[in-house]
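when you get a sec, could you give me coordinates for this:
(chains A and B)
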There are 2 protein chains.
Amino acid sequence: MSEVRELAFKAGELDAADELGELRGKFVLDEVVYLDGNSLGALPVAVPGHVDDVVRRQWGSLRIRSWEESGWWTAPERIGDRIAPLVGAAAGQIVVGDSTSVNVFKALVAAVRMAGAGAGAGAGAGAGAGVGAGRDEILVDATTFPTDGYIAGSAARMTGCSLRPVTPAEVPGALSDRTAAVLLNHVDYRTGRLHDLPGLTAAVHEAGAYAVWDLCHSAGALPVGLDEHGVDLAVGCTYKYLNGGPGSPAYLYVRRDLQPRFDSPLPGWNSHAEPFGMRPEYTPAPGALRGRVGTPDILSMLALEAALEVWDGVTIESVRAKSLALTDFFLECVAAYVPEGRVESLTPGAHAERGSQVALRCPRAGDVMKRLIENGVVGDFRHPDVLRFGFTPLYVGFGDVERAGRVLGEVLT
Amino acid sequence: MSEVRELAFKAGELDAADELGELRGKFVLDEVVYLDGNSLGALPVAVPGHVDDVVRRQWGSLRIRSWEESGWWTAPERIGDRIAPLVGAAAGQIVVGDSTSVNVFKALVAAVRMAGAGAGAGAGAGAGAGVGAGRDEILVDATTFPTDGYIAGSAARMTGCSLRPVTPAEVPGALSDRTAAVLLNHVDYRTGRLHDLPGLTAAVHEAGAYAVWDLCHSAGALPVGLDEHGVDLAVGCTYKYLNGGPGSPAYLYVRRDLQPRFDSPLPGWNSHAEPFGMRPEYTPAPGALRGRVGTPDILSMLALEAALEVWDGVTIESVRAKSLALTDFFLECVAAYVPEGRVESLTPGAHAERGSQVALRCPRAGDVMKRLIENGVVGDFRHPDVLRFGFTPLYVGFGDVERAGRVLGEVLT
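The predicted structure is shown next:
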């Protein structure tokens, strides 16, 4: 019990000193300790009123006029520019729209084409050009969230490349002059391991290939530095640490100097240089909006835009500092409260290798998570034996962390 | 002036006899005559409250639990089944999600693969198989909304086919044993011409090819009869005559017996047989949900679901009957009110060839539409010289039609 008092006291001190603590008031929260923001972020207070305005006034009253008057048409690039500073990108390089899976397809096919492997008029010619250029292989993170691997398989099949799954650690050794593109996750969805984006990107470039990064589990939780590290293409979702809401649209980053060579496999009319010209020939727009496809889903997109307001005046560096403090403190609480040997952390102890979640391997993890949820602590279960806890620094406090660790200890005792 | 009295009187009679007239109360409308529902349908009264519940309760309170408890996960197929009867499809063949452009890509690539042209492991092999099978050509409606042509170009390029644009009338003559797939529009977005879906589908089948229909401008306005006419694959948007809201998700129909052979170019995790198994190998789900890709955009999707409630107890046949009466009456009013020779209808007079819009060619159409809008009649302008008026039978009345014709006459006099 003195241990409980000690950690509860420490949590109170940490919360009192937390410079991001006030942001919690910008979210709709209740008595539940919500550690599943790495799956679906909590609802920002600003969203419901904004969505209601979009539905009732913009759609209901202005109707078709809103495409111009309410800025619907330009939302994909405008909201892309709002996300840009959070991932270290200058404006004009990100568009929002479609799902992460669809954006992985766009990015990877475009990367292969940049590498010369998929060029040419038809697939037959493409495959030929691939062999001719000597680059006919896509490397994909074998530990990735599976959709990336499935989509990479399709991108490979459709560009005449072969797909080679490797772990991120194996990437440097697997790169060769056959490598066209490499698809990597910044943070592993299961273990929470943070991969070395600068080092791996540099290695990919040294091999003459293109690096595509999936930022789903890092954007909004830690600095990404897309521009600084010369990343070629990147994708990410917006419903985790960016709190855009269920299935809110994903985004695509195309580095500015690569944009003229971005050759989309999904050249929908929204990416046309003159979308209302209704021309039979396709001429891609300049810039990031070359990554657009069809009509954007406005309700989801503008909910996201309102959700991003919570970032006003918040730096990603301060979020990262709190994120590490939260996961450090959670590991400390787990060590103190959970009987020895009942759980094993899959998440690296080193800060440089840790995202914003803690994954604990635990026998009968599914049942354990059920009991945690019954006791007011929401994380999630990943097959077959992983308890996943995500820490969103914008609204999770140290008191939450202490309670989560304590309840986990009770459930496992 | 007696002509005005006469047509106004007739409008009153038609409105009084209109058995769908009460449905108007299910939409948010004002004093504007809204004839742009073929671009963005009006807001159904049921939507704002439902969206508010989705945002505040389902997302805000239940959070991650809503994927199961609020039926988020199964929304794409559930809402697909709600659309199915409107396009003459039995349940289990439609999934909702992504944009029309993305669905055109899925459908066309899958059709080419069914034809044997794109089969094989890699694009090189695919092109080879295409030549081997003798089917290496995609026919596309040259008069189509351009995105279909752009996406068809990409599908052709990525499957080793060539793309051949033809008018729908030229399709029967262009079909050959080289044809893999044909992409057609049911109703032309510009002229409002209704194409012969049963006849063209039969001709495509006779040539041993696959028919993909774009229903954007017909679904919700007239009977489509997908099952009855043996259509292979179809796509459509939901924000026109289905009133789903700006950028609401599109849908994909895959005929039941073709589903086991539907080989998606976008095999995202949502289409996996066991999506939460997180398996590295892709195994497609059975049935229509094989057409899913990534996480569905729930806000837009559930707004659409609420919007579809207005169809309860409404038959598409009654909607079609009113649609034809509305466009007939509009053409009558235009003939009466607009000075001879000022406009020319691009929309066929024959009912069998008319969708639910009237397109009038008119000099300086852009300016004319501006003045119409200033005078409370909203249609739209299509480059270079077309005034487009869409008639949504669920909420447009004959009085609206008379007023629109009268104002057009005033503007052009």
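
A:P165 looks like it's in a helix, true?
No - A:P165 is assigned strand when assessed by DSSP: H, G, I helix; E, B strand; the rest coil, not a helix.

got the contact list for the closest residue to it other than its chain neighbours?
Of all residues not flanking A:P165 in the chain, A:A142 sits nearest, at 3.7 Å (CB to CB, 6 or more residues apart in numbering or on different chains). For glycine as for every other residue, the C-beta is placed from the backbone atoms N, C-alpha and C. Residues counted as contacts of A:A142 (CB atoms under 8 Å, 6 or more residues apart in numbering or on different chains) are A:149, A:165-167, B:280.

which element is the spatially most central residue of chain A on?
The structure's chain A has its C-alpha centroid closest to A:C216; by CA atoms, centre = their mean the separation is 1.4 Å. According to DSSP states H and E, A:C216 maps onto no helix or strand at all.

correct me if wrong: it contacts A:Y239.
No - A:C216 lies out of contact with A:Y239 (CB atoms under 8 Å); the separation is 9.2 Å.

which parts of the stretch 201-350 of chain A are helices?
For the stretch 201-350 of chain A, the helices defined by DSSP state H, counting those that start in this stretch cover A:298-307, A:316-337.

and the first one, C-alpha only, in CSV?
It stands for helix A:298-307. What follows is helix A:298-307, C-alpha atoms only, in CSV (Å, rounded to 0.1, in the frame of the first residue of the first chain):
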residue,chain,number,x,y,z
ILE,A,298,-16.4,16.2,-46.8
LEU,A,299,-18.1,15.3,-43.5
SER,A,300,-15.2,13.1,-42.3
MET,A,301,-12.7,15.6,-43.7
LEU,A,302,-14.0,18.7,-42.0
ALA,A,303,-14.5,16.8,-38.7
LEU,A,304,-10.7,16.1,-39.0
GLU,A,305,-10.1,19.8,-39.7
ALA,A,306,-11.9,20.8,-36.5
ALA,A,307,-10.1,18.1,-34.6
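
point out the residues in the stretch 201-350 of chain A that sit beside chain B.
Residues of the stretch 201-350 of chain A found near chain B (CB under 8 Å from any CB of the partner chain) are A:237, A:239, A:245-250, A:264-270, A:272, A:276-280, A:282, A:293-301, A:303.

go again with 7 Å.
Residues of the stretch 201-350 of chain A lying near chain B by CB under 7 Å from any CB of the partner chain: A:245-249, A:265-269, A:276-280, A:282, A:293-300, A:303.

just the buried ones from those residues?
Burial by neighbour count, judged by 16 or more other CB atoms under 10 Å in any protein chain shown, picks out A:245-249, A:265-269, A:278-279, A:282, A:293-300, A:303 from those.

residue in the stretch 251-400 of chain A with the shortest distance to chain B?
A:G294 (2.7 Å; CB to the nearest CB).

how about the contacts made by the residue lying closest to that residue once chain neighbours are set aside?
Spatially, and ignoring its direct neighbours in sequence, A:G294 is nearest to B:S99 (2.7 Å; CB to CB, 6+ apart). Going by CB atoms under 7 Å, 6 or more residues apart in numbering or on different chains, B:S99 touches A:268, A:293-295, B:250.

how close does B:S99 sit to A:A250?
According to CB to CB, to the nearest Å, B:S99 and A:A250 sit 13 Å apart.

then A:G134?
In terms of CB to CB, A:G134 sits 32 Å off from A:A250.

and what of A:R364?
Distance from A:R364 to A:A250, counting by CB to CB: 34 Å.

then A:W311?
According to CB to CB, A:W311 stands 18 Å off from A:A250.

out of the two, which sits in the more crowded spot?
For A:W311 and A:A250, the more surrounded residue by other CB atoms under 10 Å in any protein chain shown is A:A250, and the numbers stand at 27 against 20.

pretty sure that one is touching A:G236, no?
Yes - under the criterion of CB atoms under 7 Å, A:A250 makes contact with A:G236 at 6.3 Å.

list residues touching both of those two?
Residues within reach of A:A250 and of A:G236 at once, by CB under 7 Å, 6+ apart, are A:T100.

parallel or antiparallel, list what pairs with the longest strand seen in chain A.
Counting by DSSP state E, the longest strand found in chain A is strand A:179-185. Note on strand A:179-185: by DSSP bridges, its sheet partners are strand A:137-141 (parallel), strand A:210-214 (parallel).

now do the last one: everything it contacts.
Residues outside strand A:210-214 that contact it (CB under 7 Å, 6+ apart): A:104, A:107-108, A:111, A:114-115, A:148, A:181-186, A:197, A:201, A:204, A:231-236.

go with 8 Å
Identification of contacts with strand A:210-214 by CB under 8 Å, 6+ apart yields A:100, A:104, A:107-108, A:111-112, A:114-115, A:144-145, A:148, A:180-186, A:197, A:200-201, A:204-205, A:224, A:226, A:231-236.

what does the first one give?
Residues from elsewhere that reach strand A:137-141 (CB under 8 Å, 6+ apart): A:108, A:112, A:148-149, A:152, A:155-156, A:161-168, A:171, A:174-176, A:178-185, A:209.

return the distance of it from the chain's centre.
19 Å (CA atoms, centre = their mean, to the nearest Å).

try stretch A:271-284
31 Å.

likewise for stretch A:173-193?
Put simply, stretch A:173-193 sits 15 Å off its chain's centre (CA atoms, centre = their mean).

ends of that stretch, how far apart?
Its first and final residues considered, stretch A:173-193 spans 20 Å by CA to CA, to the nearest Å.

and A:H351, what does it touch?
Shown in contact with A:H351 (CB under 8 Å, 6+ apart): A:L324.

how about the one 4 residues further on?
When contacts are counted by CB under 8 Å, 6+ apart, A:G355 is found next to A:186-188, A:192-194, A:217-218, A:221-222, A:347.

how close does it get to A:G236?
A:G355 is 13 Å from A:G236, by CB to CB.

overlap in contacts, these two.
With CB under 8 Å, 6+ apart as the test, A:G355 and A:G236 both reach A:S218.

for A:I138, see how far away A:M114 is.
Applying CB to CB, the value for A:M114 to A:I138 is 13 Å.

now do the contacts for A:R193.
Neighbouring residues of A:R193 by CB under 8 Å, 6+ apart: A:187, A:346-348, A:353-355.

mind running it again at 10 Å?
For A:R193, the contact set (CB atoms under 10 Å, 6 or more residues apart in numbering or on different chains) comprises A:143, A:168, A:185-187, A:217, A:346-348, A:350, A:353-355, A:357, A:359.
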